[in-house]
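Visitor: this is a predicted model, with the sequence first.
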Amino acid sequence: MKKSFFVTTPIYYVNDIPHIGHAYTTVAADVLARYYRMEGSHVFFLTGTDEHGQKVQEAAQERNISPQEHCDHMVGRFQDLWKKFTISNDDFIRTTEERHKTVVQKILTQLYNKGDIYKTSYEGSYCVPDERFWTEKDLIDGCCPECRRPVQQIQESNYFFRMSSYHTWLIQYIEENEHFILPKTRRNEILGFLKQPLADLCISRPRKRLSWGIPLPFDSNYVTYVWFDALINYVSTSGYLTDTENFTPLWNSAVHLIGKDILTTHSVYWPTMLRAMGLAPPRTIFAHGWWTVEGQKMSKSLRNTVEPNMLIEQYGVDAIRFFLLREGTFGLDSDFSHQALIHRINSDLANDLGNLFNRSLAMALKYFAGSIPEPSTLEGIDEHLRDTAVQVKNEVDLHMENIALHKSLDAIWKLVRMTNKYIDETAPWALAKDTRQEKRLATVIHTMLESLRFITTLLFPFMPTSAEAMWRALGCSETLSQHTISNGTQWGKLTTGTAVTKIPPLFPRIEG
Ligand code: ME8
């Protein structure tokens, strides 16, 4: 049976328009999904939108339309952008869909009947924009610790989830499962957080205050708290309660990619909810870092949000996908600037990769009329390049396993640079001047094209459109997406005699 791989992004709020932060997580998930598909796994890649809650209700009111109309309008921005980014998601969940709401209500009923949900009266400081209660000690200067806006004193009856009863279990689970929360710093952060007492979680909102939510099946005066609704998307889409045979292996392989802003909800609320439901936690929660823009927080009020559609138009989709994952360390914060983007494109893509590709094809065309020549015995320098290519493939596998996406790109670039160096050192232009060196020239050209085939295969998850174009230009059969990684990275698979074709530069230099 095929191995399973289930990867998710957060489901994004529809009240915001997508920016590079959202694109970052989604592209990263796409890279993992494409890699595991190529590796031969059964992949389920899920993204979507979070459509309930106060902010959506208010935004719809402002526009004088119904919340559903507002969501229907906004969801297209995400779906269109993911198409432009060549995102290969297998499903797209909207929390307003029936298939989701049914599962949320079933889970609520199950936990209520089990005694894990109870009603009580509660008084506390409430942050309206964040839809969250805070205790007095959480507040900073009397304001919400997250958004720093003033809180309101509210008293009301609500339903609570007995999160506190899973406190000890959660600590033990995190301690015993090193790869559950990654990177390690985030794991330590959560273990630190769990040293404090863990309160029960308020999971309802009175309908008179918030009507745009999923009604509690056992009390129609209330709707579900948006996080209790949203987190369930990960199981409502993957067969929980509907298709156990499919669900179980998928769930055991689940990786949630998230930003560090939603670490607590994912690594405290979610596993305790799952435990109450009788399910194991996902395999891994990976919280990546935060993008700033020219050193500043991205925000609507600063008018500095980076609009991905414009970037794609200006620089090309693969350049942006590449930049997002190459610029920083996956897991730490990164900074966006046009200058940094242009620098990356010019140095890594135009100079290193583009140049390598163009000059290799040009030489195959010039010296062998574009027909891949037959190699003879490899010399030390050829073997060294071959061994590096194989080693790089193994490194990429390891880094993908650890979700160290930047390290995979580092490894691939090691091979790009090594191949450029190989060409400089073997100097095919000099060999071409000496007819006695014809066999050697054939071996050198064959070896560099073989290395390019490796590079192209390994690049596919990151830059699918460019990799496909490179694959075709190398005269390889079918499309790259029809090949497995092991097939594309087997040295010696390049077919002698097939024709390479010259293509326009994939990554033109950007001036200015
Ligand atoms: O939190 N840098 O949705 P959201 C990096 N609906 N990543 C960023 C970013 C930035 N500056 N800004 C946003 C929600 N992100 C909930 C999630 S999941 C069950 C419910 C990315 O629209 C990052 O992945 O606010 C972050 O976690 C997510 O967008 C927040 O998206």
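Guide: Yep, that arrived.
Visitor: how about the residues of this protein by the ligand?
Guide: 10-13, 16, 21-22, 24-25, 50, 230-231, 233, 258-259, 261-262, 290-291, 298 (C-beta under 6 Å from any ligand atom). Every residue, glycine included, has its C-beta placed from N, CA and C.
Visitor: and the helix or strand harbouring residue 310, which residues are buried?
Guide: Using DSSP states H and E, residue 310 sits in helix 308-315. By neighbour count on 16 or more other C-beta atoms under 10 Å, the buried set for helix 308-315 is 308, 311-312, 315.
Visitor: any chance of TSV for the residues you listed, columns pLDDT?
Guide: Formatted as TSV, these follow (pLDDT from 0 to 100):
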residue	pLDDT
308	93
311	95
312	96
315	95
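Visitor: tell me which of those is nearest to the ligand?
Guide: residue 308 (11.8 Å; C-beta to the nearest ligand atom).
Visitor: burial count for the residue nearest to the closest one when sequence neighbours are not counted?
Guide: Closest residue to residue 308 apart from its sequence neighbours, by C-beta to C-beta, 6 or more residues apart in numbering: residue 23 at 4.7 Å. Neighbour count of residue 23, defined by other C-beta atoms under 10 Å: 25.
Visitor: go on, residue 423?
Guide: 21.
Visitor: tell me the contacts of it?
Guide: 356, 359-360, 448 (C-beta atoms under 8 Å, 6 or more residues apart in numbering).
Visitor: let's verify it: helix, strand, or coil?
Guide: helix (DSSP: H, G, I helix; E, B strand; the rest coil).
Visitor: hang on, residue 229 is in a strand, isn't it?
Guide: No - counting by three-state DSSP, residue 229 is located in no strand; its state is helix.
Visitor: contacting residues for it?
Guide: 50, 52, 95, 104, 213-214.
Visitor: and for residue 38?
Guide: Residue 38 touches 457, 460-461, 481, 483-485, 488, counting by C-beta under 8 Å, 6+ apart.
Visitor: quick check, the residue in the stretch 1-150 of the chain closest to the ligand?
Guide: For the stretch 1-150 of the chain, C-beta to the nearest ligand atom, closest residue to the ligand: residue 21, 2.2 Å.
Visitor: can you give the distance of stretch 286-305 from its chain's centre?
Guide: 17 Å (C-alpha atoms, centre = their mean, to the nearest Å).
Visitor: residue 267 contacts residue 182, doesn't it?
Guide: No - under the criterion of C-beta atoms under 8 Å, residue 267 is not in contact with residue 182, lying 10.3 Å apart.
Visitor: between the contacts of residue 229, which is closest to residue 126?
Guide: Here the nearest of those to residue 126, counting by C-beta to C-beta, is residue 213; it sits at 15.8 Å.
Visitor: circling back: okay, and which of the contacts of residue 423 map to helices?
Guide: Under the assignment DSSP state H, the contacts of residue 423 contribute 356, 359-360, 448 to helices.
Visitor: any chance of the residues you listed in CSV, plus neighbour count?
Guide: As requested, the ones in helices among the contacts of residue 423 are exported to CSV (neighbours: other C-beta atoms under 10 Å):
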residue, neighbour count
356, 21
359, 15
360, 22
448, 23
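Visitor: quick one: the helices in the stretch 51-200 of the chain, in order.
Guide: 54-63, 67-84, 98-114, 167-176, 184-193 (DSSP state H, counting those that start in this stretch).
Visitor: hmm, residue 87 and the residue nearest to residue 308 touching each other?
Guide: No - applying C-beta under 8 Å as the test, residue 23 and residue 87 come out as separate, 9.0 Å apart.
Visitor: name the helices or strands packed onto the helix-or-strand element of the chain with minimal mean pLDDT?
Guide: For the chain, counting by mean pLDDT, DSSP states H and E, strand 132-134 ranks last in confidence among helices and strands (a mean of 81). On a contact count with 3 or more C-beta pairs under 8 Å, 6 or more residues apart in numbering; DSSP states H and E, strand 132-134 meets strand 117-127.
Visitor: and the strand it packs on, which residues are buried?
Guide: 117, 124-127.
Visitor: re earlier: and the angle from whichever helix or strand comes after the helix holding residue 310 to helix 308-315?
Guide: Sequence-wise, the next helix or strand downstream of helix 308-315 (DSSP H and E) is helix 317-326. With axes from the mean of the first three to the mean of the last three C-alpha atoms, to 10 degrees defining the directions, helix 317-326 sits at 110 degrees from helix 308-315.
Visitor: describe which strands the very next helix or strand once past helix 317-326 pairs with in its sheet and in which direction.
Guide: Sequence-wise, the next helix or strand downstream of helix 317-326 (DSSP H and E) is strand 334-336. Strand 334-336 pairs in its sheet with strand 291-293 (parallel), by DSSP bridges.
Visitor: who touches the strand it pairs with?
Guide: With C-beta under 8 Å, 6+ apart, strand 291-293 has contacts from 20-21, 24, 298, 304-306, 333-337.
Visitor: out of the residues you listed, the closest to the ligand would be?
Guide: Of those, the one sitting nearest to the ligand (C-beta to the nearest ligand atom) turns out to be residue 21, at 2.2 Å.
Visitor: quick one, what contacts that closest one?
Guide: 259, 290-291, 298.
Visitor: hang on, the earlier thing: mean pLDDT for the helices of the stretch 51-200 of the chain: which is lowest?
Guide: Mean pLDDT is lowest for helix 54-63 out of those, coming in at a mean of 91.
Visitor: quick one: low-confidence residue ranges for this protein.
Guide: 512 (pLDDT under 70).
Visitor: quick one, which of residue 267 and residue 182 is more surrounded?
Guide: Using other C-beta under 10 Å as the criterion, residue 267 and residue 182 rank with residue 267 on top: 27 against 20.
Visitor: my read is the more buried one is in a helix, agree?
Guide: Yes - assignment of residue 267 by three-state DSSP places it within a helix.
Visitor: can you offset everything so residue one is 53?
Guide: Fine by me, first position is 53 from now on; the one you just mentioned is residue 319.
Visitor: residues in contact with it?
Guide: Applying C-beta under 8 Å, 6+ apart, the residues near residue 319 are 226, 232-233, 238, 242, 337.
Visitor: measure residue 459 to the ligand for me?
Guide: Residue 459 sits 19 Å away from the ligand, going by C-beta to the nearest ligand atom, to the nearest Å.
Visitor: these two touch, right, that residue and residue 451?
Guide: Yes - Residue 459 is within contact range of residue 451, at 4.1 Å (criterion: C-beta under 8 Å).
Visitor: what about residue 154, how many residues nearby?
Guide: By other C-beta under 10 Å, neighbour count at residue 154 equals 14.
Visitor: skip the chain neighbours and tell me the closest residue to it.
Guide: residue 288 is the one closest to residue 154 (C-beta to C-beta, 6+ apart), at 7.8 Å.
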